[in-house]
Every structure is written in structure tokens, then in C-alpha cells.
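Novice: this one's sequence-less:
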Ligand SMILES: CCCCCCC/C=C/C(=O)SCCNC(=O)CCNC(=O)[C@H](O)C(C)(C)COP(=O)(O)OP(=O)(O)OC[C@H]1O[C@@H](n2cnc3c(N)ncnc32)[C@H](O)[C@@H]1OP(=O)(O)O
Ligand SMILES: Cc1cc2nc3c(=O)[nH]c(=O)nc-3n(C[C@H](O)[C@H](O)[C@H](O)COP(=O)(O)OP(=O)(O)OC[C@H]3O[C@@H](n4cnc5c(N)ncnc54)[C@H](O)[C@@H]3O)c2cc1C
């Protein structure tokens, strides 16, 4: 059968011809500088030249077991390729490239992230010396085993016990109930031979709360499970099915005293407990992973945006003016409204991720010299940003799918896989509502501290009871961000008032908290978005001095769109607190529509500048050349159902049905 393939590339050629800025310069900004762009491209080139890293057959057509083995094959190949070429796996993670090749749940990802990070962040010098080289060289392979069947969020509620036996100088690990079964850890089922395990520490009959232990699970030669341990895979999930998320039970399993991570708290040979400087230092790996997730979410969103925006420039549908040629769907204002605010979000998240990383690095350096005072702020910022980034990436990716109509639902568009991968991020590493409530706790504490005349840390300083009045004109970027800040201050003040009122009327503080928790989550979300707006405005204004005017203009427009969109989303609050009036909102709405039309002109060039190659996009809809229909058609030919004209199912089921006398 011959297929007529419409030539689509002209659309993208025309779009690219309208570019008024230096794409390479924007790429460099997104990467964090020309050197990092160059490094990323070197890694990409090396990966592209390694054919074993690519799939001959879509994983969709593989069995559950083959999917896992295939991904493990690619994961191990990736690690050896990086090593041989003088790169680290961290290079592949920080540039995104590694994650995109192993797109459906890499069975080594927990090893190279949370397992290694725990060793680095929670070990004393002897432990570091013993475990780090083994883990870095993959002589031991591990995961992070915290969540149990009965408890994920409430870490203090974990049931796995680690009881010290001073006679043998060992801990006895035990899962006393079915709900104590470790459940979910990535790569736990079949890949890992070790795990860092969060368990309740018991000394002399007293519980000291959750602590982390290094536990060997499998024999290093035979890979068989060790006595006293039951381990397996938990079965199919919504997505990421090539990872072997697992379960784990202990039956009075013994490990040496030296296998408790002892950087922050210690147990002496005679069973004495030495307290850490801060009670939550053992949660450090989670904080670090949340910082990484903000980057990860922004990267996944960017892949979805490249696909949807290129496709929207190639796809023609309907008539805008009766009788005229069918327009590119990107010309519809509603399509621009679906996609461009999310494009602005991607930039906002990228700049905020960078700012958060700096806070993380600063706080970690402080911890090294015993300074704990920045920890609460880091916890609040990383929790809030992880929650907003994953919520927005999931929403944005789904909008991208919807914006591609029926073809967005095709697995070959890659949008479903991007969606399911990032959707997990709402739940893992702290469920988002729970993280927002942690942020809210920090906001209320800060607000109360300010009422008592205390100075507030930088990210919440705008909440002080007597803020300086804004001098920026309302309609400037700064003026609108100040208005958003005034909105958050009003919301937090209102939450505090309601909490106090409930307590004054006889409710316990905890009951009052629960009764206000919907509003408190909204405060946390609004606060985090205010922080993101601030970071975006600051980043663009700082770049203004160093970049060309074309690039600066594009960034300025994206930043403006992000702020206008946020003001419109928050209109109710801003009207209630008097930060804006109806007239201002009307002009903001009009400006947003105008800006959509302006940004539309260069939208394809902007996503081109994100610079993700086709082999990493893995999408029939988003490829550089825009040859969408040919690609969709060719992918469909690979379906096993198309191997024969008449399938077995016909003889087995359909024919008997047709022959039956019903
Ligand atoms: C590239 C990406 C790859 C990613 C792969 C990811 C794979 C997924 C892995 C996982 O999912 S691992 C499991 C992750 N699990 C969680 O994240 C659990 C979430 N729960 C928690 O973090 C905690 O239980 C909690 C919700 C924070 C509560 O903890 P806890 O019950 O111990 O707290 P409280 O006793 O109530 O005290 C609250 C008090 O403590 C402060 N705090 C809490 N956490 C931290 C922290 N990490 N750092 C600093 N401070 C912390 C909190 O602010 C409160 O302070 P005060 O208000 O009392 O001053
Ligand atoms: C794909 C994937 C990979 C994972 N990988 C790992 C891993 O490698 N290692 C690991 O240890 N774990 C892992 N997890 C587990 C993950 O960390 C937990 O699922 C997560 O922390 C949420 O806990 P939970 O499932 O117990 O949900 P729950 O805490 O039971 O949450 C259920 C609902 O209750 C609400 N809720 C809970 N507590 C509160 C509260 N205090 N206030 C208000 N609402 C509340 C939540 O908002 C949510 O709506 C993974 C999970 C997934 C989905």
C-alpha cells in the first residue's frame, strides 16, 4: 500500500525563520553556561554513538520481565559507557540525558541517587571509606528502603525495628507486622543486593525513633536472598514498569553495630545513644532528592512542551476564516493559552531550581561546621518547590497531551510515558499535600515570630507584620510580584487569625490546624509561587546586563507572562486584600492575551533552544523535522498485531462467535 505523506517541514522552516534571538545563547542560559552546554553535548554525542542504549522494539510490546531486563541492560550499558569515557553517572543525571534514555524506570536510578547520597550524607569517616568505593564501582548495588505497607508519609510511624544486642554488638532487624513490610522502594525487588533501611532504633527497651541502617539483602556471588530476609517485586504500576519497585521483610535479621549510619547520631558498643545536633538530620537524603526533583520536573515538562509546540506548528485543523486554508493550530488563541503559560512555567522552575540548589549547597556547608539554623528554611523551600514543580509539570504535561488531540494519546507521542513518570513525583519523596503542610507550619511560625518582633529568614521576610510599602508601580513586574506577596501575607494572616479563633473557642491546636488545613495548603502553594516569581524576576534582571537584547526580550516576555498568569489565577485573593482592583485585572487579562500572540511568533524557536535531540524526545509528534504523519504511520507498522493479516485471536474467538447460533 502506498501512503501519501504530506510535507510538513515547511511550517517549521517558516517558524524558525522568524527567530529574532540567538538560540545558542538561550541554550547556554538554560544549561547554566556555555561550558555546561558543551559538556552536555559531549555526553549526548557519546551516548548517541552507543547503539546498545537504544531500543529496537518499543518497551510497550515487551512482557513485564523483558521490560525490566531490557531496561537493566541499557542501564548497565549507560554506566559502563559513562565510566569508560571519563564521565560520572551524576553527569548523565544532571544533564538529563541519562534519564531520557532510561525513560521508563531505570533499575539503577535509586542506586545512583538515594543510595549513594545516603552513603555520602549519613556515613561517619570509616563508613564512607568502606562503602563509597564499593557503591561507586557497583560492587554493591543498593536502594533507599523507607516506606512500608502501612506508612509512607508518617516516618515516625514506621514499624520496622532495629534492636541493639550489646552481647553480640549487633542490631536485630525485624518486621513485626504485615504493615511493617517495606513497600515501594525502586530497584528493591530484583536488582539491589543492599539497601539503606529506615527503622526504629531500640536500645535497652527504649525507642529512639527512625534511624538508617546499611543492610545486605543478597549474596554478592549468587545474588540469592540472605537468610532472615524476604524480598520481591510489587507488580505493575501506573507507569515506570521497567523498574522493580519492591517489598522487603526482616525476620530477626542481624547486622553489625557498625552498619548503623553514624555521622549524625551514634550508638556506642555498650548501647548508649549519642544525639544528633538536629533531630531531622537523618531526613537529609529526602531533602537532597527533593532538590533534584525540581530539576527533574522542569526537564520532563520541557520535553512535553517541545513535542506539543512543534506539533502545534505542524498540525493544521479547521478554518479560522471560512474558506481560508486550515491554520496551524498554534494560531488559535486557546491553543496558545494552553501551552505558553506552561512554557513560561518551565523557565520559572528552571531558575528556581538553580536558586534552591544554591540554598542547598549553602546549608550543607553550614551543617558541616555545625550550623543548623538554615535547615528549617531549606526544608520549607525544598518541600514547597518539589510540590509546585511536580504539580505543575504533571498538569502541564497533560495539557500538552490534550493540545495534541488524539495523537497525544498515542504511546509513540511519548507524552503518556512522560506523564506517568512525572505523575509519580507528586507522591514519592513526600506526598505534595503533606509537604505543603510542612511549608504552612513554617509560614505560621514565621508570621508569629514576626509579631513578636523577631527578624525573619530571607524567603519569608516579606511576611513581616509591618512590611515596607512597595515603591514599584503596580503594573511593573516588581509591582505585581509585590502585590502577590501582599496576597500571601494576607492569606497567612487570615490563616493565623482562624487558627487562633478556633483555639480561643476551645479547640485543641491540632484540631484547629486540621480545620484550617485546606487554607493552609493554599498559603503554602501561594508562598512558593511568590518565591518562584521573585527568582524569575531576579534572574531575568541579572541576566539583562550580560545577554543580547533579543534573548533578554524573550526572557522578559516569558517572565511577564508567568507573573500575569499568576495574578489572574490569584485574582480572588488579590481583590479581597486590596492589592489590585478590577480595572487593573482587566488590563492584566488584556495584556496576557496580547503577550500570547507575541510569544507565539517565536514559540518554536524557544523550544528549539531547550535543545533536546530527537533521540531523547522519543516522540513521533515532536521531532525536529516535523515529519509527524510519516513517523506515526511507521511506528504503527511495528505493532506485533500487524505481523500477520489475520491474528490467532480471530481463529480462537472471533470466528467461533460468528459461527455460533446466538
Ligand atoms: C531525579 C529524581 C529521582 C527520584 C527518585 C525518587 C524515588 C522515591 C523515593 C522515595 O519516595 S523515598 C521515601 C520518601 N518519603 C518521604 O518523603 C516521607 C515524607 N514524610 C516526611 O518527610 C516526614 O514524615 C514529615 C512529613 C516531614 C514529618 O516528619 P516527622 O513526623 O518526623 O516530623 P515532626 O516530628 O512532626 O516534626 C516536624 C518538625 O520537623 C521539621 N522537619 C521535618 N522534616 C525536616 C527536614 N527534612 N529538615 C528539617 N526539618 C524538618 C519540621 O519543619 C517541623 O519543625 P517544627 O515546626 O516543629 O519546628
Ligand atoms: C513510583 C514510586 C516510587 C517510590 N519509590 C520509593 C523508594 O524508592 N523508597 C521509598 O522508601 N519509598 C518510595 N515510594 C513511596 C513514597 O515515598 C510514598 O508513597 C509517599 O511518601 C506517600 O506515602 P503513602 O504512600 O504512605 O501515602 P499516604 O501518606 O498514606 O497518603 C495518602 C493520602 O493521605 C494524605 N495524608 C497523609 N498524611 C497526611 C497528613 N498528615 N495531613 C493531611 N493529609 C495527609 C495524603 O495527602 C494522601 O492524599 C515510592 C512511591 C512511588 C509511587
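Specialist: Looks like it arrived, so ask away. Values in this document were obtained by computation on a predicted structure and should not be read as measured data. Ligands and ions are numbered 1, 2, ... in the order given.

Novice: CA only for contacts and neighbour counts going forward, please
Specialist: Will do.

Novice: is it true that residue 359 touches residue 378?
Specialist: Yes: if you go by Cα atoms under 8 Å, residue 359 and residue 378 touch, sitting 6.7 Å apart.

Novice: And these two? Which one has more around it.
Specialist: residue 378 (22 against 19; other Cα atoms under 10 Å).

Novice: Give the buried residues for the longest helix seen in the chain.
Specialist: Longest helix in the chain, counting residues (DSSP state H): helix 333-368. Residues 335-354, 356-357, 359-360, 363-364, 367 are the ones in helix 333-368 that count as buried (16 or more other Cα atoms under 10 Å).

Novice: quick one: contacts for the residue nearest to residue 87 when sequence neighbours are not counted?
Specialist: Excluding the flanking residues, the one nearest residue 87 by Cα to Cα, 6 or more residues apart in numbering is residue 43, at 7.9 Å. For residue 43, the contact set (Cα atoms under 8 Å, 6 or more residues apart in numbering) comprises 87, 92, 97.

Novice: one more time with 10 Å, if that's ok
Specialist: With contacts defined as Cα atoms under 10 Å, 6 or more residues apart in numbering, residue 43 is in contact with 37, 49, 81-82, 85-87, 91-92, 95, 97-98.

Novice: Just the closest of the residues you listed to ligand 2, please.
Specialist: Ranked by distance to ligand 2 (Cα to the nearest ligand atom), the contacts of residue 43 are led by residue 98 at 18.0 Å.

Novice: Now do the shared contacts for residue 359 and residue 378.
Specialist: Between them, residue 359 and residue 378 share these contacting residues under Cα under 10 Å, 6+ apart: residue 291.

Novice: continuing past the helix or strand of the chain with the lowest mean pLDDT, what's the next helix or strand?
Specialist: When each helix and strand of the chain is scored by mean pLDDT, DSSP states H and E, helix 97-101 comes last, with a mean of 68. Sequence-wise, the next helix or strand downstream of helix 97-101 (DSSP states H and E) is helix 109-110.

Novice: Spell out which parts of the chain neighbour ligand 1.
Specialist: Within the chain, the positions adjacent to ligand 1 are 146-147, 152-156, 280, 283-284, 286-287, 292-293, 296, 375-376, 379, 428-430, 434, 438, 441-442 by Cα under 6 Å from any ligand atom.

Novice: Could you write me a ChimeraX select line covering just the buried ones among those residues?
Specialist: Filtering these down to the buried ones (16+ other Cα under 10 Å) takes a single ChimeraX command:
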select :146,147,152,153,155,283,284,286,287,292,293,296,375,376,379,428,429,430,434,438,441,442
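
Novice: taking the residues of the chain next to ligand 1 one by one, which sit in helices?
Specialist: 284, 286-287, 292-293, 296, 375-376, 379, 434, 438, 441-442.

Novice: Could you identify the most distant pair in the residues you listed?
Specialist: 296 and 441 (26.0 Å; Cα to Cα).

Novice: Tell me which residues touch the closest residue to residue 275 other than its chain neighbours, please.
Specialist: Computed as Cα to Cα, 6+ apart, the closest residue to residue 275 that is not its neighbour in sequence is residue 265, at 5.1 Å. By Cα under 10 Å, 6+ apart, the contact set of residue 265 is 122, 124, 211, 273-279, 281-282.

Novice: Nearest to ligand 1, out of those: which one, please.
Specialist: Nearest to ligand 1 among the contacts of residue 265, with distances taken as Cα to the nearest ligand atom, is residue 281, at 6.5 Å.

Novice: these two touch, right, residue 354 and residue 94?
Specialist: No: using Cα atoms under 10 Å, residue 354 is not in contact with residue 94, being 11.7 Å away.

Novice: Give me the common contacts of those two.
Specialist: Shared contacts of residue 354 and residue 94, defined by Cα under 10 Å, 6+ apart, are found at residue 295.

Novice: which sections of the stretch 1-150 of the chain are below the confidence cut-off?
Specialist: Within the stretch 1-150 of the chain, the segments meeting pLDDT under 70 span 1-8, 98-103.

Novice: which parts of it sit against ligand 2?
Specialist: Contacts of the stretch 1-150 of the chain with ligand 2, taken as Cα under 6 Å from any ligand atom, map to 144-147.

Novice: With distance to residue 493 as extra columns, can I get those in CSV?
Specialist: Output for those, formatted as CSV (distance: Cα to Cα, whole Å):
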residue, distance to residue 493
144, 39
145, 39
146, 36
147, 35
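
Novice: And the longest helix of the chain, what does it pack against?
Specialist: If you count contacts as 3 or more Cα pairs under 10 Å, 6 or more residues apart in numbering; DSSP states H and E, helix 333-368 packs onto helix 23-31, helix 284-314, helix 375-403, helix 517-543, helix 549-569, helix 582-610.

Novice: a markdown table for the ones you listed, including distance to residue 10?
Specialist: Below are the helices and strands packed on helix 333-368 laid out as a markdown table (distance: least, Cα to Cα, whole Å):
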| stretch | distance to residue 10 |
| --- | --- |
| helix 23-31 | 20 |
| helix 284-314 | 9 |
| helix 375-403 | 21 |
| helix 517-543 | 33 |
| helix 549-569 | 24 |
| helix 582-610 | 13 |
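
Novice: what about those, which gets the closest to residue 220?
Specialist: The nearest among those, by Cα to Cα, is helix 284-314 at 25.3 Å.

Novice: the strands in the stretch 51-200 of the chain, which residues?
Specialist: Using DSSP state E, counting those that start in this stretch, the strands of the stretch 51-200 of the chain run over 142-145, 161-165, 170-174, 182-183, 194-203.

Novice: and among those, the most buried is which?
Specialist: Of these, the one with the most neighbours on average (mean count of other Cα atoms under 10 Å) is strand 142-145, at a mean of 29.

Novice: Show me what counts as buried in stretch 505-516.
Specialist: 512-513, 516.

Novice: Kindly report the same for stretch 32-45.
Specialist: Buried, per 16+ other Cα under 10 Å, within stretch 32-45: 34, 36-37, 40-41, 43-44.

Novice: chain center to that stretch: distance?
Specialist: Mean-position distance between stretch 32-45 and its chain equals 22 Å (Cα atoms, centre = their mean, to the nearest Å).

Novice: Ok, stretch 337-351 next?
Specialist: With Cα atoms, centre = their mean, you get 15 Å for stretch 337-351.

Novice: ok and the longest helix of the chain relative to helix 582-610, angle-wise?
Specialist: 80 degrees (axes from the mean of the first three to the mean of the last three Cα atoms, to 10 degrees).

Novice: The contacts of residue 265, buried ones only, as a ChimeraX selection?
Specialist: In ChimeraX, selecting the buried portion of the contacts of residue 265, with burial taken from 16+ other Cα under 10 Å, looks like this:
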select :122,124,211,281,282
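
Novice: related to what we said a few turns ago, of the strands of the stretch 51-200 of the chain, which is nearest residue 598?
Specialist: The minimum distance between residue 598 and the strands of the stretch 51-200 of the chain falls on strand 142-145, with 46.8 Å, by Cα to Cα.

Novice: Which other helices and strands does the closest one contact?
Specialist: helix 109-110, helix 116-122, strand 194-203, strand 206-216, strand 246-250.

Novice: what's the closest of those to residue 229?
Specialist: That would be strand 246-250 among the helices and strands packed on strand 142-145, by Cα to Cα, at 4.9 Å.

Novice: Let me know the angle separating the closest one from strand 194-203.
Specialist: Going by the same axes, to 10 degrees, strand 246-250 is angled at 40 degrees with respect to strand 194-203.

Novice: next SSE after strand 246-250?
Specialist: Per DSSP H and E, the helix or strand that comes after strand 246-250 is strand 253-256.
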